[in-house]
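Colleague: prediction below, plus the sequence it came from.
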Amino acid sequence: MQPFDWQRMLLDQFPAAFLGEVAFRALVAYLLVFAFLKISGRRGVRQLSLFELVVILTLGSAAGDVAFYDDVPLLPIVVVFITLLLLYRITTLLMKISPRFGNWVEGKPLVIIRDGLYEFDVLDRQNISSDEFFMELRQSGIEHLGQVRLGILEEDGSVSLYQFVDGDVRAGLSVMPPALRPRFDKIPHAALYACDHCGHPQRLATGPAPKCPRCDRCLWSEAMGCAQ
């Protein structure tokens with residue numbers, strides 16, 4: 001093998017006209033994925049459920065093969081598309097017939113914040129890091145949990161937030177990045193703090209951090225949203 005053989009690196013044994021076939025194959029793959037999204041009735045990727053994302057990835061893998069490999073014919077990929085579409089229709093029908101099956105496939109909305117506090121038993125069951133969840137809250141204009149009356153984790157992973165009116169906002173756990181939200185296992189000065197795990201606010205004195213009465217954790221941050 002000769003290093004930096006441009007013929008091998010760029011086209012190998014294929015003729016230059018094969019590039020036109022690759023473009024056509026890519027067009028077919030694009031149209032198949034686009035057709036699935038249109039037929040399934042979804043308007044955006046953010047709206048895709050876990051099940052639909054699996055279908056799209058499976059179709060995308062097949063579409064990628066047909067786009068790049070000369071020995072992959074087009075008709076089997078069309079069969080793959082039709083099979084996935086039928087599976088999608090059957091699964092959505094079963095989800096309508098059986099809510100329990102639908103919840104198993106797609107999950108269901110979960111209340112994750114209530115009255116400025118985490119529903120920590122729900123939060124602990126979800127595979128979501130606190131930094132990732134705090135980012136979602138910041139992008140919605142939230143500075144601390146005391147602003148949130150109700151937070152719902154939707155089926156697609158997005159967070160729906162219902163805020164208190166200004167007069168009802170209470171003290172809450174800051175959702176700022178760690179550099180702007182120091183956490184303490186020893187209380188440096190007397191103030192109102194919020195449990196770093198569940199958001200429970202409590203006025204603490206200087207000294208070793210007590211256990212949170214709500215979740216038994218011992219890590220606290222200064223609360224936001226009220227006079228200290």
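Modeller: Received it, and whenever you're ready, just let me know what you need.
Colleague: please make it C-alpha for all contacts and neighbour counts, starting now.
Modeller: Will do.
Colleague: tell me the SS of the nearest residue to residue 122 once chain neighbours are set aside?
Modeller: Spatial nearest neighbour of residue 122, chain neighbours left out: residue 112 (6.3 Å); criterion: CA to CA, 6 or more residues apart in numbering. Of the three states, residue 112 takes strand under DSSP: H, G, I helix; E, B strand; the rest coil.
Colleague: and for residue 112, the neighbour number?
Modeller: Here the count is done by other CA atoms under 10 Å, and residue 112 has 21 residues near it.
Colleague: do residue 192 as well
Modeller: Burial of residue 192, expressed as a neighbour count using other CA under 10 Å, amounts to 20.
Colleague: from residue 173, how far off is it?
Modeller: The span separating residue 192 from residue 173 equals 10 Å under the rule CA to CA, to the nearest Å.
Colleague: check residue 52 too.
Modeller: Residue 52 is 35 Å from residue 173, where distance means CA to CA.
Colleague: who's more crowded, the two?
Modeller: The residue with the greater number of neighbours, taking residue 52 and residue 173 and applying other CA under 10 Å, is residue 173; the counts read 29 against 18.
Colleague: would you agree the more buried one is in contact with residue 202?
Modeller: No. With contacts counted by CA atoms under 8 Å, residue 173 stays clear of residue 202, the gap being 10.7 Å.
Colleague: quick check: beta-bridge partners of residue 222?
Modeller: The partner list for residue 222 in beta bridges (DSSP bridges) reads residue 193.
Colleague: that one and residue 176: what is the separation?
Modeller: With CA to CA as the criterion, residue 222 and residue 176 are 12 Å apart.
Colleague: which one of those two has more residues nearby?
Modeller: Taking residue 222 and residue 176 together and counting by other CA under 10 Å, residue 222 has the greater number of neighbours (26 against 17).
Colleague: and the gap between that one and residue 110?
Modeller: With distances taken as CA to CA, residue 222 is found 27 Å from residue 110.
Colleague: cool, residue 183 as well?
Modeller: Here the distance between residue 183 and residue 110 works out to 27 Å (CA to CA).
Colleague: repeat for residue 157
Modeller: From residue 157 across to residue 110, the span is 10 Å (CA to CA).
Colleague: in three-state terms, label residue 202 for me.
Modeller: Classification of residue 202 into helix, strand or coil gives strand, according to three-state DSSP.
Colleague: can you pull the contacts of it?
Modeller: For residue 202, the contact set (CA atoms under 8 Å, 6 or more residues apart in numbering) comprises 192, 193, 194, 195.
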